[in-house]
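In: pasted the sequence and its predicted model underneath.
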Amino acid sequence: EHENILFGPKPFYPIADGTAGEQMYDALKEYAKIAGCIALTDGHTKENVLYEDIFKVTCRLANSLTNYGLDTNSTIAICSENNLQFFLPVIAALYIGVTVTSVNDKYSERELLHNFDITKPSVIFCSVQTFKRILTVKTKLKYIKTIVIINHNNGFQGYHGLNSFISNYCDSDFDIKNFKPNSFDRSNQIAFVMYSSGTTGLAKGVMISHKNLILRFSICKDPTFGNQINPTTPILTVIPFQHSFGMFTTLGYLTCGFRIIIMHTFEERLFLQLLQDYKVESTLLVPTLMSLFAKSSLIENYDFSHLKEIASGGAPLSKEISEIVRKRFTLDFVRQGYGLTETTSAILITPDTDVRAGSTGKVVPLHAAKVVDISNGRILGPNQPGELYFKGDMIMKGYCNNAEATSAIIDKDGWLRSGDIAYYDEDAHFYIIDRL
Ligand SMILES: O=C(O)[C@H]1CSC(c2nc3ccc(N4CCCCCC4)cc3s2)=N1
């Protein structure tokens, strides 16, 4: 009965122990020892944040959150555009098992109210830019205890900035040498709640466990499906951190010690200038930006000799656009990944040595896929289109407080329905055809 079920290969490295918070802590502690090792660079302001800064601030912030009264039953929200501070509350929460829910920084108050109604966060970490909307929403929701403005040191209008929150709640005798992330059951503890409309219209809360997340950490280090682990490797990303694609790729990059150049708004000239000036080796794009580069007249003006890969995700990428961009950047291949919010991150990824034009890749380690005939439920063989199903430890725990919607998408054997029509070729490379 394993007929026509496609399994990913063994992981290159065995799955590491510990929660996602413990694994992140170990990685940051390691890179913090490399003097001057840069973690993040703001592509707009050129400001840098070092691994040792992130390590120190996240440990102090975790201690502050604990003293504020948060624990593994608590949820915090992050509502911010891409910036250098975005991951500080996220990582601090991972250390102590506080659940993080990330909401779209472009959302209206009504959309924010709907999302917060699902997750009921007690503290909202926002930016100067989102503060006004968050303050209005807070006045309507009694379970929100306070707001912290992450890209402001001292805060304003009676609310703390990141530094003033820490100096107010961190142990006065805090010594980082004594700080340790909490240990808890990584399979059950919810690390994130992300929002997805799934196969219906209404936004639901997707529960991602620490176990789901450490599988992403493992895959991003896999030489075939991810990147080589060379600290300081420059990566450029414009993917919104608030969405699964940007959140889990960037967290993965931090566990690899990469130098991540970030943008909060896409500007073509700046993007190309950053690729050149920082000798970027890999960059993440979405298909709309791939199409823009397919038509761009600026590419010839820059030197991309260090660029090894362009990787696309977040939506299907046409073979034509992929080929045009590959040639224009004189690359051997453009890599693709396919994932759903419900599968944490990419569950199909082009293996870097075997990229087929138009294919979104092969099944990642420790997962399985099958293509099902929607008329009779039979599992199909190669080159026969049907509905894609997935199974494995990146499949979400379920939808927040919505057992009915969960059982509608994950069956009793743990197979998740994708809602996408696809086929695979004789060598198990997958091709997405359409949305159901
Ligand atoms: O389409 C979606 O709803 C979102 C949910 S999470 C997601 C993806 N996550 C990832 C994570 C990584 C990648 N990569 C592109 C392929 C090259 C190697 C890995 C990076 C592609 C994707 S697409 N797509």
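Out: Okay, I see it. The structure displayed is predicted, hence computed values, not measured ones. Residues are numbered from 1 along each chain as shown.
In: sheet-wise, list the partners of the one helix or strand residue 40 maps to with their directions.
Out: According to DSSP states H and E, residue 40 maps onto strand 38-42. Strand 38-42 sits in its sheet next to strand 48-50 (antiparallel), strand 259-262 (parallel), going by DSSP bridges.
In: pLDDT (mean, whole number) over the first one?
Out: Rounded to a whole number, the mean pLDDT of strand 48-50 is 98.
In: and for stretch 197-207?
Out: 83.
In: would you check that residue 425 makes contact with residue 385?
Out: No. In this structure residue 425 lies outside contact range of residue 385 using C-beta atoms under 8 Å: 11.9 Å. Yep, even glycine has a C-beta here, placed from its N, CA and C like the rest.
In: more neighbours, those two?
Out: Using other C-beta atoms under 10 Å as the criterion, residue 425 and residue 385 rank with residue 385 on top: 17 against 12.
In: can you point me to the longest strand in the chain?
Out: strand 416-424 (DSSP state E).
In: show me what counts as buried in that strand.
Out: 416, 417, 418, 420, 421, 422, 423, 424 (16 or more other C-beta atoms under 10 Å).
In: quick one: the last one from residue 314, how far?
Out: For residue 424, the distance to residue 314 equals 21 Å [C-beta to C-beta, to the nearest Å].
In: contacts for stretch 417-433, please.
Out: Applying C-beta atoms under 8 Å, 6 or more residues apart in numbering, the external contacts of stretch 417-433 come out as 6, 198-199, 316, 338, 340, 348, 354, 356, 358-363, 369, 371, 380, 382-390, 409-411, 434-436.
In: could I get the average pLDDT for it?
Out: Here the average pLDDT along stretch 417-433 is 97.
In: now the end-to-end length of that stretch.
Out: Start-to-end span of stretch 417-433 (C-alpha to C-alpha, to the nearest Å) is 15 Å.
In: so it, near the ligand or not?
Out: No. Stretch 417-433 is not in contact with the ligand by C-beta under 6 Å from any ligand atom; minimum separation 9.7 Å.
In: who are the neighbours in contact with residue 322?
Out: 290, 312, 334, 336, 357, 358.
In: should've said residue 363
Out: The contact partners of residue 363, by C-beta under 8 Å, 6+ apart, come to 6, 7, 8, 347, 348, 369, 428, 430.
In: residues near the fourth one, how many?
Out: It refers to residue 347. 30.
In: distance of residue 317 relative to residue 225?
Out: 17 Å.
In: could you do residue 377 as well?
Out: 30 Å.
In: these two: which has the busier surroundings?
Out: residue 225 (26 against 9).
In: so what's the more buried one closest to, chain neighbours aside?
Out: residue 349 (4.6 Å; C-beta to C-beta, 6 or more residues apart in numbering).
In: contacts only, for that neighbour.
Out: 219, 225, 226, 335, 336, 337, 338, 361, 362, 364.
In: show me what the helix or strand that contains the first one is packed up against.
Out: Right, the one you point to is residue 219. Following DSSP H and E, one finds residue 219 within helix 210-221. Packing contacts for helix 210-221, counted by 3 or more C-beta pairs under 8 Å, 6 or more residues apart in numbering; DSSP states H and E, involve helix 20-32, strand 190-196, helix 244-256.
In: please save the CA atoms from the second one in PDB.
Out: To tie it back to what came earlier, the one meant is strand 190-196. C-alpha atoms of strand 190-196 as PDB (Å, rounded to 0.1, in the frame of the first residue of the first chain):
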ATOM      1  CA  ILE A 190       2.800  25.700  20.200                       C
ATOM      2  CA  ALA A 191       5.600  27.900  19.000                       C
ATOM      3  CA  PHE A 192       3.500  30.000  16.500                       C
ATOM      4  CA  VAL A 193       0.000  30.700  15.500                       C
ATOM      5  CA  MET A 194       0.000  31.900  11.900                       C
ATOM      6  CA  TYR A 195      -3.200  32.900   9.900                       C
ATOM      7  CA  SER A 196      -4.500  31.100   6.800                       C
END
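In: can you count the residues close to residue 428?
Out: 15.
In: get me the contact residues on this protein for the ligand.
Out: By C-beta under 6 Å from any ligand atom, the residues of the chain that approach the ligand are 226, 244-245, 249, 311, 313-315, 335-337, 339-341, 345-346, 349.
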